[in-house]
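Asks: Predicted model and sequence below, questions to follow.
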Amino acid sequence: MESTLSIIKPDGVARGLVGEVIRRFEGAGIKIAAMKMIHMSKQEAEGFYAVHKDKPFFDSLTDFMSSGPIVVMVLKGENVIKKNRELMGATNFKEAAPGTIRADFATDIEKNVVHGSDAPETAATEIAYFFSQLEIKG
Ligand code: UDP
Ligand code: MG
């Protein structure tokens, strides 16, 4: 059984898409093993996206990610890292496959509703950034 970190970003929460995103995960047979709503500081968003610190979009991205509440989740299931990325769609919503979360709801390359870990190592680091072992259901 694999785990991954999912985030419903500030645009998704503000636009009332929490239920819709979770419905898609559950509909795909993915289990939610942990979930909470938080509001990151700018510094916390910078820490989360540290891999992107040299990118031109880093300052704007971390402003956006600290602009309002987000929902962070640990998802579990077989192949869940890839499955979640498929449900999300490509980073740029204009390139996202029809029927994906980003194709259906994103408004901007930055404001693309959801985050999902991209590999087992990043999933482990990202889950540990938000959750302690005690908060994650077996
Ligand atoms: N992003 C952006 N401009 C870009 C590329 C990415 O604003 O040209 C933002 C976008 O919100 C994206 C996040 O930075 O989701 C992280 O980028 P990454 O390449 O890791 O995409 P993801 O893994 O989220 O699909
Ligand atoms: Mg990424």
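Replies: Ah, there it is. Everything quoted here is computed from the prediction, not taken from an experiment. Ligands and ions are numbered 1, 2, ... in the order given.
Asks: make it CA atoms for all contacts and neighbour counts henceforth
Replies: OK.
Asks: gap between the helix or strand hosting I127 and the chain center?
Replies: If you go by DSSP states H and E, I127 is part of helix 120-130. Centre-to-centre, helix 120-130 and its host chain are 12 Å apart (Cα atoms, centre = their mean, to the nearest Å).
Asks: How about stretch 65-82?
Replies: Distance of stretch 65-82 from the chain centroid (Cα atoms, centre = their mean) equals 4 Å.
Asks: coming back round to it: export the helix holding I127 as PDB, just CAs?
Replies: The C-alpha coordinates for helix 120-130 follow below in PDB (Å, rounded to 0.1, in the frame of the first residue of the first chain):
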ATOM      1  CA  PRO A 120       7.700   7.900  -3.100                       C
ATOM      2  CA  GLU A 121      10.600  10.000  -1.700                       C
ATOM      3  CA  THR A 122       8.800  13.300  -2.100                       C
ATOM      4  CA  ALA A 123       5.600  11.700  -0.700                       C
ATOM      5  CA  ALA A 124       7.400  10.600   2.500                       C
ATOM      6  CA  THR A 125       9.000  14.100   3.000                       C
ATOM      7  CA  GLU A 126       5.800  16.000   2.200                       C
ATOM      8  CA  ILE A 127       3.600  13.800   4.500                       C
ATOM      9  CA  ALA A 128       6.100  14.300   7.300                       C
ATOM     10  CA  TYR A 129       6.000  18.100   6.700                       C
ATOM     11  CA  PHE A 130       2.300  18.200   7.800                       C
END
